[in-house]
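# no sequence on this one, just coordinates:
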């Protein structure tokens, strides 16, 4: 008798130290609904003994029977009904909160962009995404490529748009669109009178690239001419931002090279001209984790892959093409 009292005291002490498992309350609810441990277990695809044992543990913790057992099944006791009446609304509220948080997390798409990402293409992409999937909520974050890749690997971002050709594992890369390389010229420069500039025309001049540009990719794009002959251009990568470099270009002190993103800027005394027949145009890709199964990410990739950038006359116009492509010129002449 003394041993049984000691055991009961120990069980109650343990109960006071440990909170009730919410799964146990769920078992009580199902057993009360089905009036059977066996049928409740079948609804969860588990063994009846698992439900019986967990409910028995809960009865020991509470110090009162929750069910009357019989060969015909189980009937909930008055104490069991009181437990359900008090806890079921709380469980339903917890479930509703969890579903709301989960739904919001699935709809939120965290996108990393870089200074090299074309504003016009990004605007078109997000506009198309919002039109087709209005429930998706974009959360944009601007930063450096390496910073964004680290955020994707730690799952703080879902996807980034960048020129990264070989992201580190486990990141996956999906090519989205191509962009040309542009020359940044003073408006009174001889080359500014042309609609486009050949690669061999660049050999007669020195060019600078801002630290805000994908310098390595730009240099790679201009490494070969249209006949796949290797060429070496006088290019200097400078530790200055776009605005500082454009100020010097406007004063006629240097010429520059940039990605399409920079052509969205309006700067007095500066104009942009595309480099014709670039052997390897800048490729922008989506970088993401392959096991990210968010529907919002899949929808984003579907829309992004449908976009294509096309140069057309007259310059300076950007419009949606009929089949998910983009049409437009890229003259940023101020």
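Structure received. Since this is a predicted model, take the numbers as computed values, not measurements.
# need the strands for the stretch 101-250 of the chain, in chain order.
Per DSSP state E, counting those that start in this stretch, the stretch 101-250 of the chain carries strands over the ranges 108-113, 137-142, 159-162, 172-179, 182-186, 207-210, 235-238.
# same for the first one, what does it pack against?
Which is strand 108-113. Where contact means 3 or more Cβ pairs under 8 Å, 6 or more residues apart in numbering; DSSP states H and E, strand 108-113 is packed against strand 137-142, helix 145-153, strand 159-162, helix 295-305. (Each C-beta comes from the backbone N, C-alpha and C, glycine too.)
# for the shortest one, packing partners?
It stands for strand 159-162. Checking 3+ Cβ pairs under 8 Å, 6+ apart, strand 159-162 ends up next to strand 108-113, helix 145-153, strand 282-288, helix 295-305.
# still on that earlier bit, mind checking the helices and strands packed on strand 108-113 for the one nearest to residue 181?
strand 159-162 (16.3 Å; Cβ to Cβ).
# Quick check: mean pLDDT of the closest one?
The predicted model assigns strand 159-162 a mean pLDDT of 90.
# That strand: how far from the chain's middle?
7 Å (Cα atoms, centre = their mean, to the nearest Å).
# Next: stretch 118-129.
Chain-centre distance of stretch 118-129: 15 Å, with Cα atoms, centre = their mean.
# immediately after the helix or strand containing residue 52, which helix or strand?
Here residue 52, judged by DSSP states H and E, is contained in helix 48-62. The helix or strand immediately downstream of helix 48-62 is strand 67-70, counting by DSSP H and E.
# That next one: which residues count as buried?
residue 67 (16 or more other Cβ atoms under 10 Å).
# So what touches the following helix or strand past that strand?
Where DSSP H and E defines the elements, the next helix or strand beyond strand 67-70 is strand 73-76. Contact with strand 73-76 is made by 28, 31, 32, 35, 36, 37, 66, 67, 68, 84, as judged by Cβ atoms under 8 Å, 6 or more residues apart in numbering.
# what's near enough to touch residue 286?
159, 160, 161, 173, 174, 176, 300, 301, 304.
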